[in-house]
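Colleague: give me a 3D structure for the following:
(one chain, ligands or ions: 1)
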Amino acid sequence: MITNLHTWLILRLVLLWLVLSLVIGTLVQYLGNLRLDNQIVTMAKTETAHYTDAMTTYLRSPSGPALAEFNHRIQVQMERDNLIAVEFYDGSSQKITEVIKPLAIEVEGKLPRHGTEFADKNGIVYKKMTLGNDTFMRVFVPLFNSSGTKTGYLEGIYHGPTEVIAEIKRQSLWSLILVVLVILATSLALYPLIIRLNRNLVDFSKNLALTNIGMLKVLGSAIDKRDSSTNIHNYRVSLYSVRIGESLGLSPTAMQGLIKGAFLHDLGKIAIADAILHKAGSLTEEEFSIMKSHVRHGEDIIRGYDWLQDALDVVRCHHEKYDGSGYPEGLTRGNIPLNARIFAIVDVFDALTSKRPYKEPFSFAVAVEFLRNSLGSHFDPEIAQLFLDHAEDMYAEICTSDEELLHGKLEICIRKYFKG
Ligand SMILES: [Fe+2]
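Modeller: Here you go, the predicted structure:
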């Protein structure tokens, strides 16, 4: 179980690491790209600003010499810049001049084409494009005179500096690696923490189970003290029940309900008056009616406690009979819960073979004969037959043992089925 827990936890932490790495990694990548774009936009913006001054000067008094001077200025500037093409247009979108580097001629055909959709824009427009490992930015910059009238615009293609872009990409990659490593370290740190917390939780659950079992024993003991002054009846019927439950192949969950029910089956007798409970002679009809109410009292007592709900079948139905002549409901056959059908047999067998205030114990043979004669009437015939098949061994093991020995055997059963 512990190994399964470790495997379970490792798988989930690895899954958590992968999912978080994917989600946060994508976010980091996105932010890296955004930073790269902003960086390129800033550089492109800075460089195009070098040309707007020259263009504004030319547009102020356009002439042949002014154009020659303008061409000279922009060619000198282009030698220093990363702009690979720049075109200048006047206010009516007529091209004034252009400078195009060889790289622009090479790549322009491969870049997405555009029309004059930006010509009437009054703000700077940037459009990023990638070609292989290179990043280009198409830039549109409107120009205005001192009175705010648009006098033209320039369009350029900016080639992002390879080394700058590579550096930003390298930084993004390191950020990504760092994020993945931090998530991995966090997951690794969580592993012992979760294992520790789980161990504490398991210890707490075990303590809680031991507390519940202790409460079960105390209640069972209280009933026995009230009824017969020893715990031994409860121990015996619990052990008989476990042996039959195991022969029937009951699940551990059903076994828990059977053991709890065996301990608490007569809990309701706490509410029965001594005059009736300890009466040496036969009960009157009215007294027997009151005695029968112990199953309802028992049900009422445990109904409010969740941990005891699986004991209800035995507490409520251990006096039901297979042919419907029992109480409180007069249930028949399979309508009687399985645990109650098992317990009814062991309860009667132990009552027959035990000493009671009003009788001496019957011999094993008499008890067996009684059960045999009650197959199909009082008891489920298949379960009762199974009990009879093992009765001799169980009688030798259980009926002849003292209270301490039985308590030890029962502790083993409790550890087995309650994992205490
Ligand atoms: Fe009872």
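
Colleague: ok, longest helix in this protein?
Modeller: Ranked by residue count and defined by DSSP state H, the top helix of the chain is helix 162-227.

Colleague: low-confidence ranges in the stretch 101-250 of the chain?
Modeller: Confidence mapping of the stretch 101-250 of the chain against pLDDT under 70 gives the ranges 111-119, 228-230.

Colleague: I meant the stretch 301-420 of the chain, not that one.
Modeller: Scanning the stretch 301-420 of the chain with the threshold set as pLDDT under 70 gives 357, 419-420.

Colleague: what's stretch 288-295 in contact with?
Modeller: Among residues not part of stretch 288-295, those counted as contacts by C-beta atoms under 8 Å, 6 or more residues apart in numbering are 266, 268-269, 271-273, 276-277, 283, 315-319, 327-328. All C-beta atoms are positioned from the backbone trio N, CA, C, and that covers glycine.

Colleague: now a PyMOL select for only the buried ones of these.
Modeller: Here is the PyMOL command that selects the buried residues among the contacts of stretch 288-295 (16 or more other C-beta atoms under 10 Å):
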select buried, resi 266+268+269+272+276+277+315+316+317+318+319+327
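
Colleague: just how off-centre is the longest helix of the chain within its chain?
Modeller: The gap between where helix 162-227 is centred and where its chain is centred comes out at 12 Å by C-alpha atoms, centre = their mean, to the nearest Å.

Colleague: same for that helix, what does it pack against?
Modeller: Helices and strands touching helix 162-227, as assessed by 3 or more C-beta pairs under 8 Å, 6 or more residues apart in numbering; DSSP states H and E, comprise helix 2-60, helix 232-248, helix 252-264, helix 403-418.

Colleague: nearest the middle, which residue of this structure would you pick?
Modeller: Centre of the chain computed as the mean C-alpha position; nearest residue by C-alpha atoms, centre = their mean is R12, 10.0 Å away.

Colleague: who's in contact with that residue?
Modeller: Taking C-beta under 8 Å, 6+ apart as the contact definition, R12 lies against nothing.

Colleague: and it, how close does it get to R199?
Modeller: For R12, the distance to R199 (C-beta to C-beta, to the nearest Å) stands at 17 Å.

Colleague: again, but for H233
Modeller: Using C-beta to C-beta, one obtains 39 Å as the distance from H233 to R199.

Colleague: higher neighbour count, those two?
Modeller: Per other C-beta atoms under 10 Å, whichever of H233 and R199 has more neighbours is H233, with 22 against 12.

Colleague: ok, the more buried one touching S354?
Modeller: Yes. Judged on C-beta atoms under 8 Å, H233 makes contact with S354 at a distance of 6.5 Å.

Colleague: which neighbours do these two have in common?
Modeller: Overlap of the contact sets of H233 and S354 (by C-beta under 8 Å, 6+ apart) is empty.

Colleague: circling back: out of the helices and strands packed on helix 162-227, nearest to V346?
Modeller: With C-beta to C-beta as the measure, helix 232-248 is the member of those nearest V346 (3.7 Å).

Colleague: hmm, who's touching that closest one?
Modeller: Taking C-beta under 8 Å, 6+ apart as the criterion, the residues outside helix 232-248 that touch it are 220-221, 223-224, 227, 254-255, 258-259, 261-263, 265, 338-339, 342-343, 345-347, 349-350, 354, 383, 386-387, 390, 394, 397-399, 402-403, 406-407, 409-410, 413, 417.

Colleague: which ones are touching the closest residue to G324 other than its chain neighbours?
Modeller: Nearest residue to G324 in three dimensions, chain neighbours excluded: T332, at 3.9 Å (C-beta to C-beta, 6 or more residues apart in numbering). By C-beta under 8 Å, 6+ apart, T332 lies in contact with Y322, D323, G324.

Colleague: by neighbour count, which of the residues you listed wins?
Modeller: Most neighbours among the contacts of T332, by other C-beta under 10 Å: Y322, with 25 neighbours.

Colleague: secondary structure class for the spatially closest residue to D380 that is not a sequence neighbour?
Modeller: In space, and not counting its chain neighbours, D380 is closest to R341: 4.3 Å by C-beta to C-beta, 6+ apart. Assigned by DSSP: H, G, I helix; E, B strand; the rest coil, the conformation of R341 is helix.

Colleague: for R341, give its distance to K355.
Modeller: If you go by C-beta to C-beta, the gap between R341 and K355 works out to 26 Å.

Colleague: who's more crowded, those two?
Modeller: Taking R341 and K355 together and counting by other C-beta under 10 Å, R341 has the greater number of neighbours (25 against 10).

Colleague: report the buried residues of stretch 84-97.
Modeller: Along stretch 84-97, these residues count as buried under the neighbour rule (16+ other C-beta under 10 Å): I84, A85, V86, F88, Y89, D90, I96, T97.

Colleague: so the second one, which state does it fall into?
Modeller: It stands for A85. Secondary structure of A85, reduced to three states by three-state DSSP: strand.

Colleague: thinking it is in contact with V99, fair?
Modeller: Yes. Judged on C-beta under 8 Å, A85 makes contact with V99 at a distance of 7.1 Å.

Colleague: what do those two both touch?
Modeller: By C-beta under 8 Å, 6+ apart, A85 and V99 have no common neighbours.

Colleague: which strand residues bridge T97?
Modeller: Here T97 sits in beta bridges with F88, as judged by DSSP bridges.

Colleague: that one touches N71, doesn't it?
Modeller: Yes. The criterion here is C-beta under 8 Å, and T97 meets it with N71 at 5.7 Å.

Colleague: tell me how this protein divides into domains.
Modeller: The record's domain parsing of the chain by automatic domain parsing lists 2-176, 228-418.

Colleague: for stretch 99-115, buried residues please.
Modeller: Residues of stretch 99-115 classed as buried: V99, K101, A104, V107 (neighbour count, 16+ other C-beta under 10 Å).

Colleague: please convert those to a markdown table, extending it with distance to L143 and secondary structure.
Modeller: Formatted as a markdown table, the buried residues of stretch 99-115 follow (distance: C-beta to C-beta, whole Å; DSSP: H, G, I helix; E, B strand; the rest coil):
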| residue | distance to L143 | secondary structure |
| --- | --- | --- |
| V99 | 17 | strand |
| K101 | 22 | coil |
| A104 | 21 | helix |
| V107 | 26 | helix |
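
Colleague: now render those residues as CSV, adding distance to I168.
Modeller: Formatted as CSV, those follow (distance: C-beta to C-beta, whole Å):
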residue, distance to I168
V99, 28
K101, 23
A104, 23
V107, 21
